[in-house]
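A.B. asks: My questions concern the predicted model and sequence given below.
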Protein chains: 2
Amino acid sequence: MHFWAMNDKANQPLLKGSLSVIILKLLENRERMYGYEITQQVKALTAGGVAITEGALYPALHKLEAEGLLTTETEVVDGRARKYYSLTKTGKTEAVNRVDELMAFMQNLQTILAPAFPAPKPAF
Amino acid sequence: MHFWAMNDKANQPLLKGSLSVIILKLLENRERMYGYEITQQVKALTAGGVAITEGALYPALHKLEAEGLLTTETEVVDGRARKYYSLTKTGKTEAVNRVDELMAFMQNLQTILAPAFPAPKPAF
DNA sequence: AAAGTATATCTAGAAGTTGTAGGTATACTT
DNA sequence: AAGTATACCTACAACTTCTAGATATACTTT
């Protein structure tokens, strides 16, 4: 079996609402990715700090496709099927918009969460 | 009546999971706040960019209280009832932990969302 | 040869958070 | 008298994500 704790911190849940933006952003960089590749890419970019679960990823991909932001083409590579996703024209526009929105929100959040009182300098 | 569009951007939904952290952080700064005050404070800190809805706020406060992170005392001020919330000892610890976690997550998110290719310098 | 790991996709249902849309009530301003 | 600001509340809908399964191929280890 072999469970293994790894980081102990790796399992932080995603903030709900961020997954679709992550997907759109990665596809903005790469033109073409398949689901499993996305999970690996996120893990790599964040040094294991963020893990996308498959139970969230695949429904999210299907929804983005249904919304017309992604298109797919399936290929068989090394005997295994892969489903490649790419941004549609609308998807490209939406990618920019949603990334901007999320960045703006995070900016606000950081303002709120920033320490209120700077560490006082030692008195002398 | 008079609806009014204001910013057109004011209505951005919160990232689910961030509200309780915002509450804990504000109470870390101020010792004692009531619900309505929290909504106004967030609005002020973010220049209207983030709006906390009461339908989300009050249930969140009640939950944090039920979890033992907050305590309340009710007072009547200017003829109106106010319910002040403060951090418990456990609440203070949790505030630090959750803020740290959220900041770490945002750091990761920013890594993912950062532009992949720096704007190329003009060729000459 | 068997078992486990990595690759690759999928779904059903539970859990959880937030928004919508109401409700109540007092004080003040128009 | 009506509207606005202050102040609290709840029920329900909407949505996203996680858990926990399932399936299948290829490769490595035992």
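C.D. replies: Received the coordinates, thanks.
A.B. asks: Can you tell me how far the residue nearest to the spatial centre of chain A is from DNA strand D?
C.D. replies: The centroid of chain A falls nearest to A:I22 when counting by C-alpha atoms, centre = their mean (2.9 Å). A:I22 sits at a distance of 8 Å from DNA strand D (criterion: C-beta to the nearest atom of the strand, to the nearest Å). Every residue, glycine included, has its C-beta placed from N, CA and C.
A.B. asks: For that residue, which non-adjacent residue is spatially closest?
C.D. replies: Take A:I22 and drop its neighbours on the chain: the residue closest to it by C-beta to C-beta, 6 or more residues apart in numbering or on different chains is B:I112, 5.6 Å away.
A.B. asks: Pretty sure the residue nearest to the centre of chain A sits against A:I52.
C.D. replies: Yes. Here A:I22 reaches A:I52: they are 7.5 Å apart, a contact under C-beta atoms under 8 Å.
A.B. asks: Spit out the residues that contact these two alike.
C.D. replies: Counting by C-beta atoms under 8 Å, 6 or more residues apart in numbering or on different chains, the shared contacts of A:I22 and A:I52 are A:V42.
A.B. asks: Roughly how far does the residue nearest to A:I22 sit from A:R80?
C.D. replies: For B:I112, the distance to A:R80 (C-beta to C-beta, to the nearest Å) stands at 26 Å.
A.B. asks: now A:A60
C.D. replies: Applying C-beta to C-beta, the value for A:A60 to A:R80 is 21 Å.
A.B. asks: repeat for A:L45
C.D. replies: For A:L45, the distance to A:R80 (C-beta to C-beta) stands at 24 Å.
A.B. asks: Which single residue of chain A ends up nearest chain B?
C.D. replies: A:K16 (3.4 Å; C-beta to the nearest C-beta).
A.B. asks: before we move on, back to that, quick check: which element contains the residue nearest to the centre of chain A?
C.D. replies: Using DSSP states H and E, A:I22 sits in helix A:19-30.
A.B. asks: Also A:P115?
C.D. replies: Counting by DSSP H and E, A:P115 is part of no helix or strand.
A.B. asks: quick one: which of A:A60 and A:R80 has more around it?
C.D. replies: Higher neighbour count among A:A60 and A:R80: A:A60, with 17 against 8, using other C-beta atoms under 10 Å in any protein chain shown.
A.B. asks: which residues of chain A score low on pLDDT?
C.D. replies: Applying pLDDT under 70 to chain A flags residues A:1-13, A:117-124.
A.B. asks: other SSEs contacting the longest helix anywhere in it?
C.D. replies: Longest helix in chain A, counting residues (DSSP state H): helix A:89-113. If you count contacts as 3 or more C-beta pairs under 8 Å, 6 or more residues apart in numbering or on different chains; DSSP states H and E, helix A:89-113 packs onto helix A:19-30, helix B:19-30, helix B:35-45, helix B:89-113.
A.B. asks: interface residues of chain A facing DNA strand C?
C.D. replies: Within chain A, the positions near DNA strand C by C-beta under 7 Å from any atom of the strand are A:1-2, A:16, A:34-37, A:40, A:54-55, A:58-59, A:61-62, A:77-78, A:80-83.
A.B. asks: tell me which parts of chain A are close to chain B?
C.D. replies: By C-beta under 8 Å from any C-beta of the partner chain, the residues of chain A that approach chain B are A:9, A:12-18, A:21-22, A:25-26, A:28-29, A:42, A:45-46, A:49-50, A:99, A:101-106, A:108-113, A:116-117.
A.B. asks: Sort out which of those are buried, if you could.
C.D. replies: Buried members of these, scored by 16 or more other C-beta atoms under 10 Å in any protein chain shown, are A:12, A:14-15, A:17-18, A:21-22, A:25-26, A:28, A:42, A:45-46, A:49-50, A:99, A:102, A:105-106, A:108-109, A:112-113.
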